[in-house]
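Peer 1: Quick one: sequence and predicted model below, then my questions.
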Amino acid sequence: MSTYKGYPINTGKNNQYEMIPKILEETYLRFEYMTQKLKQCFLVRFDLHLPVTNTYQCPLDENRLVSEFFNRLIHKKLKPRCNRKPSTRKQISPAPRPKQLGIHKHIQYLWVREVEKSKRAHYHCWILVDRHKMATAGSHLRRTGFYGIACDLWNQVSKGGHLQGVKDNKAKYGLSIRNKLERDSAFYAISYLAKKRGKGYRKGTSVRDYGGSKTP
């Protein structure tokens with residue numbers, strides 16, 4: 001099995017996938033930060049699809065939609081108010097938040113843009129959070145938990161796009177990361193995003209094939 005800095009990577013059943021080293025390194029940096037910063041992490045994989053009647057003519061505009069989606073997801077759903085100084089004014093208590101999301105201090109994520117047989121762009125994504133705050137991904141079909149919130153948010157931002165949850169090889173949505181075996185399994189799952197196939201179909205040198213959270 002192929003590896004990257006000690007972690008197994010998904011190069012396909014017959015090693016048919018050529019990998020992009022830069023994306024592997026960006027994945028590694030974010031993954032290492034989270035697994036060293038937190039005792040237990042939770043990984044969620046999902047794909048973002050643009051509306052069937054896609055009016056976004058420029059790949060750069062499509063990438064901006066994904067950046068806007070993650071910006072709202074992180075700062076309005078997963079990390080609200082955590083960086084603000086407490087106010088001395090009397091405030092009205094906010095509406096209760098879904099317990100399965102919590103308020104996260106440490107979050108890392110990565111997305112990649114791909115265009116394959118359909119000739120329409122789609123995005124593979126993953127996000128790592130604190131398992132003590134969120135230990136289930138919910139369902140993208142029933143619109144519950146993390147998936148439910150993310151589905152509604154992407155539909156709103158993209159004006160009609162849909163989000164699809166991704167199962168791991170154990171047919172589970174979301175992976176708990178508490179030991180080396182689970183770390184290896186999780187890294188293997190997200191290394192798939194670094195495959196070269198499907199990338200490079202873009203107009204203009206300023207359009208990127210990937211993006212993500214800031215690395216420390």
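Peer 2: Ah, there it is.
Peer 1: Past the helix or strand where Ile149 lies, which element shows up next along the chain?
Peer 2: Element membership of Ile149, judged by DSSP states H and E, is helix 145-158. Going down the chain from helix 145-158, the next helix or strand is strand 162-165, by DSSP H and E.
Peer 1: Which elements pack onto that next one?
Peer 2: strand 41-49, helix 145-158 (3 or more C-beta pairs under 8 Å, 6 or more residues apart in numbering; DSSP states H and E). No exception for glycine: its C-beta is placed from N, CA and C like everyone else's.
Peer 1: who touches the helix holding Ile149?
Peer 2: Helix 145-158 is contacted by residues 44, 46, 48, 50-51, 65, 68-69, 72-73, 77, 98, 100-101, 134, 136-140, 142-143, 161-163, 165, 173-174 when judged by C-beta atoms under 8 Å, 6 or more residues apart in numbering.
Peer 1: What's the separation between Leu128 and Asn71?
Peer 2: Counting by C-beta to C-beta, to the nearest Å, the separation of Leu128 from Asn71 is 17 Å.
Peer 1: out of the two, which sits in the busier spot?
Peer 2: Leu128 (27 against 11; other C-beta atoms under 10 Å).
Peer 1: now the angle from the helix holding Ile149 to strand 41-49?
Peer 2: 30 degrees (axes from the mean of the first three to the mean of the last three C-alpha atoms, to 10 degrees).
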